[in-house]
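>>> pasting the sequence and the predicted model now:
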Amino acid sequence: MKTSNFKSYKGNNGIAICLYPPLNWSGPTFSKLAPDKDTFFKKKTNQITEEEYEQQYNTRVLSKLEPSDIYNELKDKVLLCYEDSNEFCHRFLVAKWIKQELNIEISEWKPSDEIKDSTNPLF
């Protein structure tokens, strides 16, 4: 499992975990990890702080999920949303949750993570 955003990641293992994937997104979505609408819109309109967002996201979304089930289902995926890697984002809260609950480090995807197979298959 890795995290990234729609601008950076163009591979085949991406999965959207946001409320509203881009209109041109044709990949899979995983709405269980999307923030609830109330929390999402309050953060977007600066009605709540990052700390309040984290508390609400943890209470309203993550606390209702089993971390080992989520990890096992998504362990080969790159969790995608919109924010750049230097911006506050719920995908980092998912990574933090997995680390706290399962002691598994989830890092931000980088191009060098892609395995480039340039060999020809043997017959």
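Arrived safely.
>>> buried residues of the helix or strand Asp69 falls within, list them for me.
Assigned by DSSP states H and E, Asp69 belongs to helix 67-74. Residues 67, 70-71, 74 are the ones in helix 67-74 that count as buried (16 or more other C-beta atoms under 10 Å). Where C-beta positions appear, they are placed from N, C-alpha and C, glycine not excepted.
>>> do stretch 45-61 as well
For stretch 45-61, by 16+ other C-beta under 10 Å, it's 48, 53-54, 56-57, 61.
>>> what's the answer for stretch 22-36, then?
27, 29-30, 33-35.
>>> quick revisit: what mean pLDDT does the helix holding Asp69 have?
Across helix 67-74, pLDDT averages out at 98.
>>> and it, how far from the chain's centre?
12 Å (C-alpha atoms, centre = their mean, to the nearest Å).
>>> got it, and stretch 12-26?
That offset, for stretch 12-26, works out to 10 Å (C-alpha atoms, centre = their mean).
>>> swap in stretch 46-57?
Between the centre of stretch 46-57 and the centre of its chain there are 17 Å (C-alpha atoms, centre = their mean).
>>> what lies in contact with that stretch?
35-36, 38-39, 42-43, 88, 90, 93 (C-beta atoms under 8 Å, 6 or more residues apart in numbering).
>>> most neighbours out of the residues you listed, which is it?
Highest neighbour count within those: His90, with 25 neighbours (other C-beta atoms under 10 Å).
>>> wait, doesn't it sit right on Cys81?
Yes. With contact defined as C-beta atoms under 8 Å, His90 reaches Cys81; the gap is 6.6 Å.
>>> list the helices and strands the lengthiest helix in the chain packs on?
In the chain, ranked by residue count with DSSP state H as the criterion, the top helix is helix 90-102. Using 3 or more C-beta pairs under 8 Å, 6 or more residues apart in numbering; DSSP states H and E as the contact test, the elements touching helix 90-102 are strand 2-5, helix 50-60, helix 67-74, strand 78-81.
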